[in-house]
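Q: just a sequence and a predicted model for now, questions to come.
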Amino acid sequence: MDILLLTLGMLLLAWGGLAWLRPQGSIAGPAWLRWLGGLGGMGLALLGAVLLVLGWNGLLGAALAVWGCGLAVLAVWGGDLLWALRRTLAVVAGGALLMGGGLSWLAGGRVELGVWALLSATVAAQALWLLRQPEALARLRWLQTHLKPWMVLLALAVLVRIPVPLWLEGFALISLVQMSLISLAALWWGFTQIGARIGLLFGLAFALGLGVELLGSKTGLPFGLYTYQGAPPPTVLGVPLIVPLGWFSLVLSAHGLAGGRPWLTGLLVVAWDLGLEALMPAKGYWTWQDPHPLWYGAPLQNYLAWFAVGFVISWMYGRLGPGLHRNRSFGWAYRLEALFIPVGLALFGLWPAALVCGLAMNLLAWSEYLRGWAGERFGRIADSR
């Protein structure tokens, strides 16, 4: 009840501050503020999730997790527009700190109340102001017009991951729902690109992925010695269902990011597996028994095999669905994995894997933009000389 009253008070503070100061829209800030603000908000949310998992401070962790997500969404929506509100936000934040600090002192020095007040007032002020801006409303209308069903499924796949820090025992169920939603999104997106042929590609990729996993878990070829014994259900012939689903959907996403180049798809898939080989054995999906481990129990041949299977599936997509790589929009499925897999690894204390996997996946996933940025940067330097 105290938190509810505090949140309502911060909403009134934000509304009153905007009504009193009457900020006017002006020239928007640079576009990169949207993405920087989004990353910053997600960083706060990640820190809050870590605090919740470790059990250090529940209210502080909840404040960072909840309001960090809100700040991230608002930043992506209108971070550049919010630049014009920076002075008003500073005033509102100051008022929130005073009120929250007073409540914190009355409650015996509970600093987390001040943090909750600051973040909730900031989110409320940003949301109320953006809802009054024509450009922000135009972006919402654009989103409504261009939003596709497969995008909704992909967004739901992101949302279902939010309970993971609060419900660690439900990891298997959440993972199944998340991968099922991504696979449905892949089918829907693929149907808009090549029609019913996406069903054939789904069947072939699923069968190939399941086949190599059955062969590998029984013989050690091509991945190395491992077993699926004890893997959480549902399984297909002993292989967790999410594994062949992943071979279809995430390779399809990587295929688009790679522009249809199988060798680059293979590298993207290997980068993804750098995280999976740390996370999934830790959650009981498979167990490595190979005598020559290289990375979290997996041998070198595992990564060579992942490259090869990713290469073959990508080549198959290129031959039977030549239009799939021309539209890279479904590449966001891989990019979202590049964000959430390192976060999951960090939550479970697998920091080396989080750093290596996060760096590898994101460098490859954003390589097109990085090359464009570097070329533009060097071009400006050359012109200035």
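A: Received the coordinates, thanks.

Q: so what's the closest residue to Val236 other than its chain neighbours up against?
A: Excluding the flanking residues, the one nearest Val236 by C-beta to C-beta, 6 or more residues apart in numbering is Leu210, at 6.1 Å. All C-beta spots, glycine's among them, are computed from the backbone N, C-alpha and C. By C-beta atoms under 8 Å, 6 or more residues apart in numbering, the contact list for Leu210 reads Val236, Leu237, Val239, Val243, Pro244, Trp247.

Q: in which helix or strand does the fourth one reside?
A: Read that as Val243. Assessed by DSSP states H and E, Val243 sits inside helix 242-257.

Q: quick one: mean pLDDT for that helix?
A: What helix 242-257 shows for mean pLDDT is 97.

Q: now swap in stretch 122-130 and tell me
A: For stretch 122-130, mean pLDDT rounds to 92.

Q: make 350 the starting number, not 1.
A: Done: numbering now begins at 350, and the last item shifts to stretch 471-479.

Q: can I get that stretch in PDB? Just the C-alpha atoms.
A: Extracted C-alpha coordinates of stretch 471-479, given in PDB (Å, rounded to 0.1, in the frame of the first residue of the first chain):
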ATOM      1  CA  THR A 471      10.700  10.400 -14.200                       C
ATOM      2  CA  VAL A 472       8.800   7.700 -16.100                       C
ATOM      3  CA  ALA A 473       5.500   9.500 -15.400                       C
ATOM      4  CA  ALA A 474       6.700  12.900 -16.500                       C
ATOM      5  CA  GLN A 475       8.200  11.500 -19.700                       C
ATOM      6  CA  ALA A 476       5.100   9.500 -20.600                       C
ATOM      7  CA  LEU A 477       2.700  12.400 -20.000                       C
ATOM      8  CA  TRP A 478       4.800  14.800 -22.000                       C
ATOM      9  CA  LEU A 479       5.300  12.400 -25.000                       C
END
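
Q: please compute how far it lies from its chain's middle.
A: Here stretch 471-479 is found 24 Å from its chain centre; the criterion is C-alpha atoms, centre = their mean, to the nearest Å.

Q: same for whichever strand or helix holds Ala487, what does it pack against?
A: Taking DSSP H and E as the criterion, the element that holds Ala487 is helix 483-495. Of the remaining helices and strands, those touching helix 483-495 by 3 or more C-beta pairs under 8 Å, 6 or more residues apart in numbering; DSSP states H and E are helix 407-427.

Q: for the next helix or strand along the chain from the helix it packs on, name the packing helices and strands.
A: Per DSSP H and E, the first helix or strand lying C-terminal to helix 407-427 is helix 435-455. Counting contacts by 3+ C-beta pairs under 8 Å, 6+ apart, helix 435-455 packs against helix 351-370, helix 460-479.

Q: in JSON lines, list those helices along with distance to Gly667 and mean neighbour count.
A: Formatted as JSON lines, the helices and strands packed on helix 435-455 follow (distance: least, C-beta to C-beta, whole Å; neighbours: other C-beta atoms under 10 Å):
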{"stretch": "helix 351-370", "distance to Gly667": "52", "mean neighbour count": "16"}
{"stretch": "helix 460-479", "distance to Gly667": "42", "mean neighbour count": "23"}
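
Q: quick one: which of those helices is nearest Pro630?
A: The minimum distance between Pro630 and those falls on helix 460-479, with 35.4 Å, by C-beta to C-beta.

Q: just how off-centre is that closest one within its chain?
A: Counting by C-alpha atoms, centre = their mean, helix 460-479 is centred 24 Å from the centre of its parent chain.

Q: and what of stretch 357-364?
A: 31 Å.

Q: show me the contact partners of that stretch.
A: With contacts defined as C-beta under 8 Å, 6+ apart, stretch 357-364 is touched by Val441, Gly444, Ala445, Met448, Ala466, Ser469, Ala470, Thr471, Ala473, Ala474, Leu477.

Q: so where's this protein uncertain?
A: Counting by pLDDT under 70, the chain has low-confidence residues at 350-351, 373-375, 406, 450, 452-458, 515, 719-734.

Q: show the end-to-end separation of stretch 427-442, please.
A: Distance across stretch 427-442, first residue to last, is 19 Å (C-alpha to C-alpha, to the nearest Å).

Q: need the contact partners of that stretch.
A: Contacts with stretch 427-442, where a contact means C-beta under 8 Å, 6+ apart, come from 362-363, 366-367, 370, 372-380, 382-387, 423-424, 467, 470-471, 474-475, 478-479, 482, 484-485, 488.

Q: cool, and stretch 623-633?
A: Identification of contacts with stretch 623-633 by C-beta under 8 Å, 6+ apart yields 520-521, 524, 579-581, 635-637, 644-647, 651-652, 690-691, 693-694, 697, 699, 701-703, 705-707, 709-710.
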